[in-house]
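In: got a predicted structure plus its sequence, pasted below:
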Amino acid sequence: MKIILADPPAPSWNTYMRSFPNLGLLYLAAHLRRNISGVKILYLDANHSVEQHLKIVAEERPSIYGLSFASPLYAVVKPLLRSVRQLVPRTLIVCGGPHPTADPQGCLNDSPIDICCIGEGEETFTELVKTFLSGGNLTIVGGIAYRGPRGEVVFSTRRPVIHDLDSIPLPAWDLVDLRRFRGLRQAKSGPSTAITASRGCAFNCTFCSNPIWKNATPWVRRRSPEKIAEEVELLYRRGIREIYIRSDLMNDKLDWAIAVFDALRDLDHPDLYFQCNLHLSRITSDFAKSMRRAGCWLCNVGLESGSQRVLNGIKKKTKLVEVETRLQTLKDQGIKVYAFMMMYQLWESNNGLEIETTREVFRSIRLVLSLWFKRLLMQMSWAYATPYPGSDLYRICKKYGLLPRNFDESLVSSDIMTIPIPGLSRFEIMAARLAGLLTQLLLNMSNRERYQRHALVPNMEHAIVKLRQLLIDFGKPFVGGKLVPQISRIKAPQIVGGATDLYRARRYLDGHEGVSELVQIETKTV
């Protein structure tokens, strides 16, 4: 029996997919191997072209084709799946990952997918394969969605999460040729790759879509420091010299995080370096020291905004008055900081829609420049707030009618505006975007450390591509063109007595382009 586990071919704009293998699929393969013998597993990574991908599928003719993908790739995935179905009509097509978990009904209705795995895939997919091999009834497998006899979407019983992550075997790294991947764009050493130390996040930011890990409780589970060190040692022996610990947050539980870095230090590899993600509120001196001793030199911190009103609204649980102190703690240990920044956030407050103003967006830019000037910040990302399915932001945008009709095609990247911002002209939004990209370029050009110079060209190329796309978008025609009054709140739909007052932002689409206008509609009910 042959099984293909695949990533969609990465679009040219998606450099992240080309950087690392899909850890979820490698865990899936390892779990299958442990529990089922005699199965040939082939991993198709994102660096294959569409033609190469389909050629391998046609040659291998697998019994099961498994595809994992996130929401921005759904527009790419649909024609890919149709081609796979034509090539291997009898193959069972199973999809999992963030998007099938967040929207299994849409996936099953819009594509030739046979089964969606919801949430973690190791136990679900293994049981699915066992049932398939025995000729059993696949619909009794827990944790899936499928089409019923009348074409309706049916959900099987919910599957609990795996509490003990150490019970899952290490990823099947032998399936991967690490030379096919770009690795980290900025690294002290190389080659580089990524691992995960935990699953889930204790926070609940409105913009974050984490449908797999929040599909059941507990929201956060952690691997033991010993198991993490075991995987790192395996990768070191395979030649890896820098590792990005890709867990959502490394410091949500400080005693565990310190123990992890102590275990990595005890491996005694002075030529091995690490990067990770941190929450600002839980950066301490002891933790920073443990990071430095282990060789962790760079961390990503989600600052997101320079406005406390915005941070409170998006449930970030970050205080601006603490930013400099926390970042200084990292600087004292020689740890560099990469800031995640977003623009034009939306959230609900007092049953109304709140919108980040352009003035608040420019406060974010001023915050970044201030931190950079004090050498507390090395680099930044600059993206639009994007309503990924599964996030609270998606729910809010759907409630207020802010999702475009062709949402699946519009949701490509956080570098492209997906939703209209009521009351803002296109010129105003693009001016803010341009200011942030120029700030990003400034930070890229200011890297003077020798180990950062090799990253200067790719970092600048990355920023220039974004600038070029911005200029292309700005030159495209759009409906309207006049400025409309900026607002910071829209009332939610309310039913009072017999009358419904509905204030809703509508986007009038012209292909992928549009302009937001504020429309007030009043209807009477009898």
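Out: Structure received.
In: rest of the way, CA atoms for contacts and neighbours
Out: Fine.
In: would you mind listing where the protein has pLDDT under the threshold?
Out: Across the chain, the ranges flagged by pLDDT under 70 are 211-216, 409-410, 412, 447-526.
In: how does it divide up, domain by domain?
Out: 2-155, 183-404 (automatic domain parsing).
In: so which of these is nearest Asp415?
Out: Evaluated over the domains of the chain, closeness to Asp415 peaks at domain 183-404, with 5.2 Å, by C-alpha to C-alpha.
In: quick revisit: closest one to Leu175 among the domains of the chain?
Out: Taking these one by one with C-alpha to C-alpha, domain 2-155 is closest: 6.4 Å.
In: how long is that closest one from one end to the other?
Out: Start and end residues of domain 2-155 are separated by 26 Å (C-alpha to C-alpha, to the nearest Å).
In: what of stretch 234-248?
Out: One end of stretch 234-248 sits 23 Å from the other (C-alpha to C-alpha).
In: what lies in contact with it?
Out: By C-alpha atoms under 8 Å, 6 or more residues apart in numbering, the residues outside stretch 234-248 that reach it are 184, 187-201, 271-278.
In: could you rerun that using 7 Å?
Out: Where contact means C-alpha atoms under 7 Å, 6 or more residues apart in numbering, the residues beyond stretch 234-248 that reach it are 189-201, 271-277.
In: stretch 5-14 now?
Out: Residues outside stretch 5-14 that contact it (C-alpha under 7 Å, 6+ apart) are 17-18, 25, 42-50, 65-69, 77.
In: that older thread, buried members of the contacts of stretch 234-248 into PyMOL, please.
Out: Typed into PyMOL, the line below selects the buried ones among the contacts of stretch 234-248, using 16 or more other C-alpha atoms under 10 Å:
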select buried, resi 189+190+191+192+193+194+195+196+197+198+199+200+201+272+273+274+275+276+277
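In: now the domains of the chain in TSV, with distance to Val176?
Out: Putting the domains of the chain into TSV (distance: least, C-alpha to C-alpha, whole Å) gives the following:
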stretch	distance to Val176
domain 2-155	7
domain 183-404	11
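In: please report phi then psi for Leu44.
Out: Main-chain torsions, Leu44, degrees, to the nearest 10: phi -100, psi 110.
In: okay, now the closest residue to it other than its chain neighbours: neighbour count?
Out: In space, not counting the residues next to it along the chain, Leu44 is nearest to Ala6; the distance is 4.5 Å by C-alpha to C-alpha, 6 or more residues apart in numbering. Residues contacting Ala6 under the criterion other C-alpha atoms under 10 Å number 22.
In: thinking again about what came up before, out of the contacts of stretch 234-248, list just those in strands.
Out: Residues of the contacts of stretch 234-248 located in strands (DSSP state E): 192-195, 198-199, 273-277.
In: how about these in CSV, adding distance to Leu402?
Out: Below are the ones in strands among the contacts of stretch 234-248 laid out as CSV (distance: C-alpha to C-alpha, whole Å):
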residue, distance to Leu402
Ser192, 40
Thr193, 38
Ala194, 35
Ile195, 36
Ser198, 34
Arg199, 31
Tyr273, 43
Phe274, 40
Gln275, 36
Cys276, 34
Asn277, 31
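In: closest to Ala172 out of these?
Out: Closest approach to Ala172 among the ones in strands among the contacts of stretch 234-248 (C-alpha to C-alpha): Ile195, at 12.1 Å.
In: list the buried residues for the host helix or strand of Leu330?
Out: Per DSSP states H and E, Leu330 falls inside helix 323-332. Residues of helix 323-332 classed as buried: 323, 326-331 (neighbour count, 16+ other C-alpha under 10 Å).
In: now, which of those sits nearest Leu424?
Out: Val323 (29.3 Å).
In: so Leu303: helix, strand or coil?
Out: strand (DSSP: H, G, I helix; E, B strand; the rest coil).
In: can you map out the strands along the stretch 201-350 of the chain?
Out: Here the stretch 201-350 of the chain has its strands, by DSSP state E, counting those that start in this stretch, at 221-222, 242-245, 273-278, 296-304, 336-343, 346-349.
In: next, format these as a markdown table and append distance to Ser167.
Out: Supplementary listing: the strands of the stretch 201-350 of the chain in a markdown table, determined by distance: least, C-alpha to C-alpha, whole Å:
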| stretch | distance to Ser167 |
| --- | --- |
| strand 221-222 | 11 |
| strand 242-245 | 19 |
| strand 273-278 | 23 |
| strand 296-304 | 27 |
| strand 336-343 | 33 |
| strand 346-349 | 39 |
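In: give me the residues contacting stretch 74-89.
Out: By C-alpha under 7 Å, 6+ apart, stretch 74-89 touches 8, 54, 58, 61, 111-112, 408-409.
In: stretch 359-370 too?
Out: Residues contacting stretch 359-370 (C-alpha under 7 Å, 6+ apart): 305-307, 343-344, 432, 436.
In: which of those residues sits closest to Tyr384?
Out: Minimum distance to Tyr384 across the contacts of stretch 359-370 is 5.0 Å, recorded for Met343 (C-alpha to C-alpha).
In: what does the closest residue to that closest one other than its chain neighbours show for phi and psi?
Out: Nearest residue to Met343, sequence neighbours excluded (C-alpha to C-alpha, 6+ apart): Tyr384, at 5.0 Å. Recorded main-chain torsions at Tyr384 are phi -80, psi 150, according to degrees, to the nearest 10.
In: now for Tyr384: which residues touch it?
Out: Residues counted as contacts of Tyr384 (C-alpha under 7 Å, 6+ apart) are 342-344, 414-417.
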